[in-house]
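# I would like the atomic coordinates for the input below:
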Amino acid sequence: MRPAEAMAWIRSRAEVPADDLTRFVQNGTQSIFENDVHWARFYLVKAGLLGNARRGLWSLTPEGREAKLSPEDTWDLYVRIRDANRPGSPVTEEDALAPGAAADNEEEGKSYWFVGSVWNGNDDQLPRFLEQGVWENGYEDQFLDLVRRIRPGDQIAIKASFVKKRVPFEVGGKAVSVMRIKATGTVLDNAGDGRTVKVAWDPPTEPRDWYFYTYRTTIVEADPEAEDGRRLIDFTFRGAPQDYAWFLAQPYWLEKYGAKPEIIPDDKQGNQTTTEDDEIVEEESPYTIEDIVADGCFLTNAELSEILDRWRSKMNLILQGPPGTGKTWLAKRLGFALAGSNDRETARSRLRVVQFHPSLAYEDFVRGWRPAGDGRLDLVDGILMQAIQAAESEPDRPFVLVIEEINRGNPAQIFGEMLTLLEVSKRRRSEAIELAYRKEPGERVHVPANLYVIGTMNVADRSLAIVDLALRRRFAFIDLEPRFGNAWRAWCAHRGIESALLTEIENRIGVLNAEISAAISLGPQFRIGHSYVTPDTDAPITDGRAWFRARVETEIGPLLDEYWYDAPETAKAARAKLLTGLS
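Prediction:
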């Protein structure tokens, strides 16, 4: 039995004083109750009733299985072993950390869960959960596997997440993410149905607000190996205060809120926990597949949904296709849809864009030495490491890195060892590795599971080499085709281009693309995409023929000259066919 399971077993069968659950051993992270249990284990091991063969696992010896101790026997055993092992000790057991407690805590593998209690948007189940000694998942088809992973002895906290502006530190009036801890407890049993766990809830206390590193989804397992996660666990389950200054000094939060803010003294900020109506700011407006279509995408909702599902599954995606098929345009909007918003804050902090080119190196993209301006060199993180740090700072929110023209540089050289860490199976802390340039000895890095990478690839660029097979294995590939048809026609017609001209444009581009596809020196990857003949703005087009002529003369024509650089007459004839009868 794990120590946490033993404590859960005791709590399910005995009344533990509230004070013993909320007070902690001096200079320790154990509650008085937890420490008392570890002291009891110490005495039982010394008496030969509990085994001591393996840390993090408690088991009875054969003698222990046969023993039946009366209260008098238990007291005699305690006095005998205490006098033999701690003669004349001036420290009481209540003030001293029990032997082996720290080692057990390190090895028992206890998990820490943060869960919601609101169903259907506004039906808070917290009073019922506390009264019945349970926590229940309000969904019948979501989070079932996560709930089944909760074990007896794990610790659990009920939280509510939101953002607000009235905070105990000065950030220039910006909204800050908040997680209100409303109740904590220890899991006693798991029904195994993905819905219900039995919980011994701790004595009620005033809610406490935790800032920055927050969870918004219904159920999240905290990561105790992450410094942010460890601090959250100490705050929630051990009563430790939150060190705002530490968070505000971290690169992601420092960039988000500007210069390191001043902490407001306690006597000026008042109670750190405000009421639910006290300056709580609404969440950002959502950005969905429907918004992508409304912005001018000619793929169907079903096609977009399939692309997003594939991206969420693989975590790394490349959009490839002929020029003018809207690869970069779509990549950014898919990023907004995955992030859930396209507001200014999301575009600035949760969606980063970089373009690969032949001179880009690992030192630019991942980490490298840069001039510091005073004759020194500083080790500076590139955009990939910055994106990783941002994703780790808000672990249950999706972050997106858009890489334009991913095959224009040398991906294997630019990514380096990070190419391995991008793989779905490597997206966890246990797979972390050391980088070529380390900021501190033993530093190890992994790519978090909430960082999604999307690249674009122009398959018609002759200057690019064949893509590295290692890159292909780690990315899913989506082909984008020239997209004409009803959606394209409706978009263009809404901007003033007459229907007859749209039919003529679609037919002429179709004929040209068929010729390009059949050309031995070209092929389907060189076709002309719909973006070349799609209005860029909502401004009405008063002369559709002049607009199309300008597109052919300044954009499509020069591209054809490049395609048939060794047959200029062919390029000239193709251009003439597009413009016939439009003068």
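# tell me which stretches of the stretch 101-250 of the chain form strands.
With DSSP state E, counting those that start in this stretch as the definition, the stretch 101-250 of the chain shows strands at residue ranges 112-115, 118-119, 123-124, 134-136, 155-164, 176-190, 196-201, 208-211, 219-221.
# for the stretch 351-500 of the chain, same thing?
Secondary structure of the stretch 351-500 of the chain (DSSP E, counting those that start in this stretch): strands at 351-355, 367-371, 377-381, 399-404, 451-458, 476-479.
# of the ones you listed, which approaches residue 557 most closely?
Among the strands of the stretch 351-500 of the chain, strand 451-458 comes nearest to residue 557, with 18.9 Å by Cβ to Cβ. (C-beta placed from N, C-alpha, C; glycine too.)
# what angle separates that closest one from strand 351-355?
On the basis of axes from the mean of the first three to the mean of the last three Cα atoms, to 10 degrees, strand 451-458 is oriented at 30 degrees to strand 351-355.
# list the contacts of strand 451-458.
Here strand 451-458 makes contact (Cβ atoms under 8 Å, 6 or more residues apart in numbering) with 311-312, 315-323, 327-328, 331, 334-335, 338, 387-388, 391, 398-408, 422, 464, 467, 475.
# filter these down to the buried ones, PyMOL style.
A single PyMOL command is used to select the members of those judged buried by 16 or more other Cβ atoms under 10 Å:
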select buried, resi 311+315+316+317+318+319+320+321+322+323+327+328+331+334+335+338+387+388+391+398+399+400+401+402+403+404+405+406+407+408+422+464+467+475
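# rounded mean pLDDT for the helix or strand where residue 79 lies, please.
Under the criterion DSSP states H and E, the helix or strand holding residue 79 is helix 71-85. Across helix 71-85, pLDDT averages out at 77.
# chain center to it, what's the gap?
Put simply, helix 71-85 sits 52 Å off its chain's centre (Cα atoms, centre = their mean, to the nearest Å).
# what helices or strands is it leaning on?
Contacts defined by 3 or more Cβ pairs under 8 Å, 6 or more residues apart in numbering; DSSP states H and E place helix 71-85 against helix 32-46.
# could you give me the average pLDDT of the helix it packs on?
Across helix 32-46, the per-residue pLDDT values average to 81.
# which strands and helices sit next to it?
With contacts defined as 3+ Cβ pairs under 8 Å, 6+ apart, helix 32-46 has these neighbours: helix 3-13, helix 18-22, helix 71-85, helix 101-107.
# what's the following helix or strand after that helix?
Downstream of helix 32-46 (by DSSP H and E), the next one is helix 62-66.
# please list the residues outside that following helix that contact it.
With contact meaning Cβ under 8 Å, 6+ apart, helix 62-66 is reached by 44, 48, 49, 50, 51.
# 10 Å instead?
44, 45, 47, 48, 49, 50, 51, 59, 60 (Cβ atoms under 10 Å, 6 or more residues apart in numbering).
# who wins on neighbours among the residues you listed?
With neighbours taken as other Cβ atoms under 10 Å, the top of the contacts of helix 62-66 is residue 44, carrying 23 neighbours.
# for it, what are its contacts?
Residues in contact with residue 44 (Cβ under 10 Å, 6+ apart) are 50-52, 58, 60-61, 64, 67, 69, 74, 77-78, 81.
# worst mean pLDDT across the helices and strands of the chain, which element?
Taking mean pLDDT, DSSP states H and E as the measure, the helices and strands of the chain show their lowest mean at helix 266-269, namely a mean of 44.
# run a quick neighbour tally on residue 80.
13.
# ok, residue 580 next?
Each residue near residue 580 was counted by other Cβ under 10 Å, and the total is 10.
# kindly report the same for residue 382.
Residue 382 is flanked by 20 other residues according to other Cβ under 10 Å.
# next up, phi/psi of it, please.
When read as degrees, to the nearest 10, the backbone of residue 382 gives phi -90, psi -170.
# now do the same contact list for the residue nearest to residue 112 when sequence neighbours are not counted.
Closest residue in space to residue 112, ignoring its immediate chain neighbours: residue 222 at 4.3 Å, by Cβ to Cβ, 6 or more residues apart in numbering. The contact partners of residue 222, taken as Cβ under 10 Å, 6+ apart, are 111-114, 155, 157, 213, 215, 228-230, 232-233, 236-237, 395.
# next one: residue 379
Taking Cβ under 10 Å, 6+ apart as the definition of contact, the neighbours of residue 379 are 363, 367, 368, 369, 370, 372, 437, 438, 439.
# rebuild the helices and strands packed on helix 32-46 as a markdown table, extending it with distance to residue 256.
Shown next, in a markdown table, are the helices and strands packed on helix 32-46 (distance: least, Cβ to Cβ, whole Å):
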| stretch | distance to residue 256 |
| --- | --- |
| helix 3-13 | 36 |
| helix 18-22 | 34 |
| helix 71-85 | 53 |
| helix 101-107 | 33 |
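# is it true that residue 356 touches residue 402?
No: using Cβ atoms under 10 Å, residue 356 is not in contact with residue 402; the gap is 11.1 Å.
# and the closest residue to residue 10 other than its chain neighbours, how many neighbours?
Sequence neighbours aside, residue 37 is the residue nearest to residue 10 in space, at 6.6 Å (criterion: Cβ to Cβ, 6+ apart). A count of neighbours around residue 37, defined by other Cβ under 10 Å, yields 21.
# so residue 37 versus residue 3, what's the distance?
7 Å (Cβ to Cβ, to the nearest Å).
# in this protein, where is pLDDT below threshold?
Residues of the chain meeting the criterion pLDDT under 70: 26-29, 52-56, 85-95, 100-109, 259-285, 462-467, 583.
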